[in-house]
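**Q** dropping the sequence and predicted coords here.
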Amino acid sequence: MKLYLCDATATEALAEDVAASLPGDVGGWTVLLNGELGAGKSTFARAFIRALGHEGAVPSPTYTLVEPYSLKRGQVYHVDLYRIAAEEELHYLGWSDLDDGLRLIEWAERAPGLSDSADLALTLRYDGEGRRAEIAAVSARAADIVAGLSANPNT
Ligand SMILES: Nc1ncnc2c1ncn2[C@@H]1O[C@H](COP(=O)(O)OP(=O)(O)O)[C@@H](O)[C@H]1O
Ligand SMILES: [Mg+2]
């Protein structure tokens, strides 16, 4: 599914739509965010985490790598792989400890192996003043979600 996001508010609205279309308990889902610097990954992530029920700041995990949130809809891990040099580093960072929650991963393309276990992949690209977004269902269970988003385009 492809759509044009004319401004940051549209990116936030898409994040809210994706959050609303996930199951009530988001544990075990993986959402990949791809796109170059400034494409809108963090804008999406902040709106997504707030839409899942977090109130307050959503600090960048660039240095901490993982920011955890305990929310009503489950545990959420906001991950940023910008500083990852090699995919193997993930093992040393306690990657398997994140299995119980939803993993929202910025710079997911730095760890290509993640797409094997991902559900949704969002790619953001510069296009004029706005951004072009492409949402792909990676897992079978995500296909319904993408179909639902395509059927009800709010953005
Ligand atoms: N659809 C959009 N159109 C125009 N600007 C956007 C859009 N989405 C986000 N932005 C803006 O792009 C800038 C960079 O966004 P950010 O989320 O920090 O990118 P990233 O995390 O990918 O580096 C911010 O100023 C944000 O408001
Ligand atoms: Mg960012």
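**A** Done, it's in. Numbering: from 1, shown residues only. Ligands and ions are numbered 1, 2, ... in the order given.
**Q** any low-confidence regions in this protein?
**A** Counting by pLDDT under 70, the chain shows low-confidence ranges at 153-155.
**Q** any part of the lengthiest helix in it near ligand 1?
**A** Determined from DSSP state H, the single longest helix within the chain is helix 8-21. Yes: Helix 8-21 reaches ligand 1 (Cβ under 6 Å from any ligand atom) through 8, 10-11. C-betas here are computed from N, CA, C, even on glycine.
**Q** what does the protein put close to ligand 1?
**A** With Cβ under 6 Å from any ligand atom as the criterion, the chain meets ligand 1 at residues 5, 7-8, 10-11, 35, 37-43, 130-131.
**Q** please redo it, this time with the cut-off set to 8 Å
**A** Contacts of the chain with ligand 1, taken as Cβ under 8 Å from any ligand atom, map to 5-12, 33, 35-46, 106, 124, 129-131, 133.
**Q** which of those fall in helices?
**A** Reading helices off the residues of the chain next to ligand 1 with DSSP H, I get 8-12, 41-46.
**Q** could you flag which of these are buried?
**A** 10-12, 41-46 (16 or more other Cβ atoms under 10 Å).
**Q** tell me the one of these nearest ligand 2?
**A** For these, the residue nearest ligand 2 by Cβ to the ion is residue 42; the value is 3.3 Å.
**Q** show the backbone phi and psi for the residue of the chain most remote from its centre.
**A** Most distant from the centre of the chain: residue 128, at 23.0 Å, with distances by Cα atoms, centre = their mean. Dihedral pair for residue 128: phi 60, psi -130, per degrees, to the nearest 10.
**Q** what segments of this protein are strands?
**A** 2-5, 30-34, 66-71, 74-80, 102-106, 120-127, 130-137 (DSSP state E).
**Q** which one of those is the most hemmed in?
**A** Ranked by mean neighbour count, the strands of the chain are led by strand 102-106 with a mean of 26 (mean count of other Cβ atoms under 10 Å).
**Q** what's it packed up against?
**A** With contacts defined as 3 or more Cβ pairs under 8 Å, 6 or more residues apart in numbering; DSSP states H and E, strand 102-106 has these neighbours: strand 30-34, helix 41-51, strand 74-80.
**Q** I'd like those as TSV, with distance to residue 138 appended.
**A** Converted to TSV, the helices and strands packed on strand 102-106 look like this (distance: least, Cβ to Cβ, whole Å):
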stretch	distance to residue 138
strand 30-34	7
helix 41-51	17
strand 74-80	16
